[in-house]
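Asker: here is the input, now give the coordinates:
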Amino acid sequence: VDLSKEAIRKAKLKASKEEIEDIEFVIGDMREPLPKTFDAIVNLFTTFGYFLDDGENQKIISSTAKMLKPNGLLFLDYLNPHSVEKNLVPSESGVYENMSYQITRKIEQNMVYKTIQIDGDALKKPATYQERVKLYSLDWFKKVFDSTGYELIKTFGDYTGGKYSQNSDRLILLARLKNS
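Answerer: Residues are numbered from 1 along each chain as shown. Okay, the predicted model is just below:
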């Protein structure tokens, strides 16, 4: 599920190249539940926290709860806000495949703002992209999980299953929907 038609188009193309056929792609808003239920829902690579309003971000978790079967699992991979604040790289630049890039980052009002500027012969004109992600703590997730019917069962700090701490790379959460 993705709001971006272009992201879905690219995903379909990649699935076709990889000969993956048993997959459904949906253009949609993750704040709105699909009319299906699942055993598990996976949200990877910090595809969470994009909305300025905390309530809009909470709707995403509420939406997943509506789509899970009893005792279903939510696996949410998120940035570690403590690590981001401590290790933020304000700017970087370089060249990749004959394209020059400039990236700037800043933290304002509990959000990371990232601007990416790209230029090169392959482009008709320079391009600029902007991203923003809220910095949510483990305590915030615990409160939201509790209010949406989840039980947090495990946290991880990296992709190898390492322990979560304020210094770990990631905040990866595994929650189970409580039987209702």
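
Asker: so in this protein, which strand runs the longest?
Answerer: strand 68-79 (DSSP state E).

Asker: so what's the model's average confidence on that one?
Answerer: For strand 68-79, mean pLDDT is 97.

Asker: excluding chain neighbours, give the residue nearest to Gly72 in space.
Answerer: Leaving aside its sequence neighbours, Gly72 sits nearest to Leu177 (CB to CB, 6 or more residues apart in numbering; 4.7 Å). Where you see a C-beta, it was placed from the backbone N, CA and C, and this is true even at glycine.

Asker: make that Phe156, sorry
Answerer: Using CB to CB, 6+ apart, the nearest residue to Phe156 is Ile172, at 3.9 Å.

Asker: surely the one you found meets Asp77?
Answerer: Yes - under the criterion of CB atoms under 8 Å, Ile172 makes contact with Asp77 at 5.0 Å.

Asker: for burial, what's the neighbour tally of the residue lying closest to Leu44 once chain neighbours are set aside?
Answerer: Of all residues not flanking Leu44 in the chain, Asp77 sits nearest, at 4.7 Å (CB to CB, 6+ apart). If you count neighbours by other CB atoms under 10 Å, Asp77 ends up with 17.

Asker: now do the contacts for Asp77.
Answerer: Going by CB atoms under 8 Å, 6 or more residues apart in numbering, Asp77 touches 43-46, 170, 172.

Asker: in strands, which of those fall?
Answerer: Within the contacts of Asp77, membership in strands is found for 43, 170, 172, as judged by DSSP E.

Asker: I'd like the residues you listed as a markdown table, with neighbour count appended.
Answerer: Output for the ones in strands among the contacts of Asp77, formatted as a markdown table (neighbours: other CB atoms under 10 Å):
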| residue | neighbour count |
| --- | --- |
| Asn43 | 18 |
| Arg170 | 19 |
| Ile172 | 21 |
